[in-house]
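In: What follows is a predicted protein model with its sequence.
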Protein chains: 2
Amino acid sequence: MSIGSALAELSPLLGDLLTTAKAEREAHGQSETHFAPMPPDAVAWPRDTAEVSAIMRICATHECPVIPFGTGTALEGHTLAPKGGLSLDMSRMNRLLAVHPEDMDCVVQPGLTREELNRELRATGLFFPIDPGANASLGGMAATRASGTTAVRYGTMRDNVLALEVVLADGRVIRTGSRARKSSSGYDLTALFLGSEGTLGIITELALRLHGQPEAISAAVCAFEDIGPAVDTVIATIQTGIPMARIEFLDQASVRAVNRHSKAGLPEKPHLLLEFHGSPAGVAEQAERFGEIAADAGGSGFRWATRSEERRALWNMRHKAYYACLALRKGAQALVTDVCVPISRLAQAVRETRADIDASPLPGPILGHVGDGNFHAILLIEPGNAAEMDTARALAARMAERAIALGGTITGEHGIGMGKLHFMQKEHGPGWGVMAALKHALDDQGILNPGKLVPDSRRKEPRGDTAT
Amino acid sequence: MSIGSALAELSPLLGDLLTTAKAEREAHGQSETHFAPMPPDAVAWPRDTAEVSAIMRICATHECPVIPFGTGTALEGHTLAPKGGLSLDMSRMNRLLAVHPEDMDCVVQPGLTREELNRELRATGLFFPIDPGANASLGGMAATRASGTTAVRYGTMRDNVLALEVVLADGRVIRTGSRARKSSSGYDLTALFLGSEGTLGIITELALRLHGQPEAISAAVCAFEDIGPAVDTVIATIQTGIPMARIEFLDQASVRAVNRHSKAGLPEKPHLLLEFHGSPAGVAEQAERFGEIAADAGGSGFRWATRSEERRALWNMRHKAYYACLALRKGAQALVTDVCVPISRLAQAVRETRADIDASPLPGPILGHVGDGNFHAILLIEPGNAAEMDTARALAARMAERAIALGGTITGEHGIGMGKLHFMQKEHGPGWGVMAALKHALDDQGILNPGKLVPDSRRKEPRGDTAT
């Protein structure tokens, strides 16, 4: 029972599609954020469900950890290998298997990215709306219950995955549902695996809900003197029933960052960035009604654009905001926070967070998906500076505790991974114990992505005696 | 270890709120459909979460089955007590605990019914949209993942429950989430308990998403020569992006039933019944665009009404359609089927079902929530006629198998209960085993609503030696 014996048995099965090369292990054992590298013992590139099933059977026999890997854009160390084992890179399982225009759905493999999917869908009049910024794999987005800028209109992965095919820890293959639009047939296994971060099974196929490409799109920006009036505008907009497609908030520090990085030329004030989808007349009406609500709340400089270049420039700037913030401090690493609160508490949560960061020595722009009550602070740290990391961790802990106290959650869309394990008991109380019981029921050896999301359930450490 | 000793220990705790009176046991041990009565040994009316928790601790000690009971409108025998035990009637826990207009949500106890909730919400400008027809309790609707006529626009209970408080089999109390609009914080426990039919825990509180009352509503009817053009109209309508609030299908036999029962005066042809929500101008535009699409597909007699009396009469007729169908055959009992398929397969599924029923001796009107691909046949049986029951069961089995073969599910909204247990293996394969493992992880004694949804996991029968 060891990782080495698992790899020995996997080698003839996978040939070139299994490697212990240092470069690949390192590429699969690092994160985009502040985590120290934790490389796996080997990397495999399965080509189909049967291969994933065979790999899991072998790894179960040898109690070898298996860490599914999409594009590596997770922010909480989800793809690191703290117990070693096998990184299962799904990038070769990246086909669009079927599009059903009448049903407005499609079936994909997990390694397909959201941008690739939308490129393939372009001619159909349909699109997949979930947009977390990064060009993540759809399997990875499902595994973290991702969302992003469009959730206010289209929901999250929870709302847009109809069914999954999953390989369990012991190699069994299940389908969690069908392409029917709804079902009351037993426990909602689809929802159970969405957001399970590879700890309950390996997603090998997804049926996704698609939406009609909007006839017309317009984007807008609007400046505010403070977070309060910006959030009041968002609340009034949603209550009025304006079907916003995106409502993004950038605080003053974020605006400064995107001005520098993307030459956005915005006044250095808190901003809302918006998008409207609908018929040409509908989009114009939505933008006008929004403009009136914003003006009532003291918003200024409201302007909207239907030209696609202007829109693209705006969202390109928003999508690069993370890198723009990183660039505020040369060579910095980021600790990215991600809380979500009921929208009535959002202004308070942002204001208190802003004051808390301002009282610290760290730069920390704030931005977020304000229509959902979800926001991020990007805390900039000098790599290797332990004191700064402690400060950032303390700020993040206070943000998480504040979110819980305000009736919210410690993560709106990034997930738990390794980075938020220590808040789980606080947020869920005995509910975390229920999660542990579910994990144990489906993976009693704890071989699936160990060290993430649930309390560590491995009874013993593998020997880790790989041949490398 | 027995039901009797559980009741002896519950009696001083609950006093008058526990009874073994025959009338109450019978009232809680019958179903609205074809199931034989299976009364519990006793009925309790808990008043708060602490009392539910105390009851569960006692029942766990004595391995006494506990069956949560809302309004008894479940259609698959969910509230029957095949192993005896305690029926937990939640009707005294029926308060609206909080409304948060800015967050567009509310918090309720499980015994509150959807009509009571909407009465209480009237002045707020908000409403809870899920409408399964029956004035069911919100806890019961959550437990069966209910939906109904408005799911095409507003989703199902899956989409409109933000979080639950649940008492587990051992009496522990958990919260499955927060009022935040989204979260990636661990396994989706809310979704796990939605649709779990009381087999994993007792729902004691719900946070519900609310929606703005539409400014304007209009309703419409349209006749078609056949199911095919009716479904084509629905597909084209949805693809065009018309945000239908309801799209209901009645086949010719159903139209005949509602004409007799509600004096609806509709031509005896398949019909679509529709509702549009929006601004006055938006609703008029939606109705006009729908009318054009329907006319292209050969629809006739399209008319729409904004007057609330006309609308109410229409949906009153639809909601009474079940009783109208029952009245087609004097003294009949119904076996109500409930399949859901991808909408591209809906016309085929309905047509084959219609032909199959027509070739049998039983009357069986078909109606459904056609925007979701969900439909019902109401098979009318003479009570006590075993041959007819066999025929109905065979028809229902073929419907379920047809739905699975067409990529759908054996139940769109009614759930499994006792009535559909025997199709679960066929629909879910090894996924049903996963459900059993989850059940075992949270209720290893199998005391929560035994005999429903999962393979029976009780290791031994309770003695059932009640004092009655």
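Out: Structure's in. What do you need? Numbering: from 1, shown residues only, chains lettered A, B, ... in the order given.

In: Count the residues that sit near the residue of chain A found nearest chain B.
Out: Using Cβ to the nearest Cβ, the closest approach of chain A to chain B is made by A:Ala191 at 3.2 Å. Where C-beta positions appear, they are placed from N, C-alpha and C, glycine not excepted. Using other Cβ atoms under 10 Å in any protein chain shown, A:Ala191 has 24 other residues around it.

In: ok, it touching A:Asp159?
Out: No. In this structure, A:Ala191 is not within contact of A:Asp159 by Cβ atoms under 8 Å, at 10.1 Å.

In: can you pull out the helices in the stretch 201-350 of chain A?
Out: Along the stretch 201-350 of chain A, the stretches classed as helices by DSSP state H, counting those that start in this stretch are A:227-239, A:252-262, A:280-296, A:308-319, A:321-326, A:346-358.

In: Let me know the distance separating the spatially closest residue to A:His261 that is not a sequence neighbour from A:Ile378.
Out: Excluding the flanking residues, the one nearest A:His261 by Cβ to Cβ, 6 or more residues apart in numbering or on different chains is A:Ala324, at 3.3 Å. Distance, A:Ala324 to A:Ile378, using Cβ to Cβ, to the nearest Å: 9 Å.

In: Quick check, pLDDT for A:Leu380.
Out: pLDDT recorded at A:Leu380 is 97.

In: so it makes contact with A:Ala327?
Out: No. Shown here, A:Leu380 and A:Ala327 do not form a contact pair, counting by Cβ under 8 Å, at 9.6 Å.

In: quick one: which of these two has more around it?
Out: Neighbour count, other Cβ under 10 Å: between A:Leu380 and A:Ala327, A:Leu380 has more, with 23 against 15.

In: Run the contact check for the helix or strand hosting the more buried one versus chain B.
Out: Counting by DSSP states H and E, the element that carries A:Leu380 is strand A:374-381. Yes. Part of strand A:374-381 sits near chain B under the criterion Cβ under 8 Å from any Cβ of the partner chain, namely A:Asn374.

In: what's the angle between that strand and helix A:252-262?
Out: 70 degrees (axes from the mean of the first three to the mean of the last three Cα atoms, to 10 degrees).

In: Strand A:374-381 packs against which elements?
Out: Packing partners of strand A:374-381 (3 or more Cβ pairs under 8 Å, 6 or more residues apart in numbering or on different chains; DSSP states H and E): helix A:321-326, strand A:333-336, strand A:339-340, helix A:346-358, strand A:366-369, helix A:386-405.

In: Show me which residues of the stretch 251-400 of chain A are close to chain B?
Out: Counting by Cβ under 8 Å from any Cβ, the stretch 251-400 of chain A sits next to chain B at A:Asp338, A:Cys340, A:Val341, A:Pro342, A:Ile343, A:Ser344, A:Asp372, A:Gly373, A:Asn374.

In: Please name the residues that touch A:Gln348.
Out: A:Leu406 (Cβ atoms under 8 Å, 6 or more residues apart in numbering or on different chains).

In: can you rerun that using 10 Å?
Out: Neighbouring residues of A:Gln348 by Cβ atoms under 10 Å, 6 or more residues apart in numbering or on different chains: A:Ile227, A:Gly228, A:Val231, A:Val341, A:Arg402, A:Leu406.

In: same deal with A:Phe224?
Out: Per Cβ under 10 Å, 6+ apart, neighbours of A:Phe224: A:230-233, A:249, A:269-272, A:294, A:297-301.

In: Name the nearest of those relative to B:Ser196.
Out: A:Val231 (35.8 Å; Cβ to Cβ).
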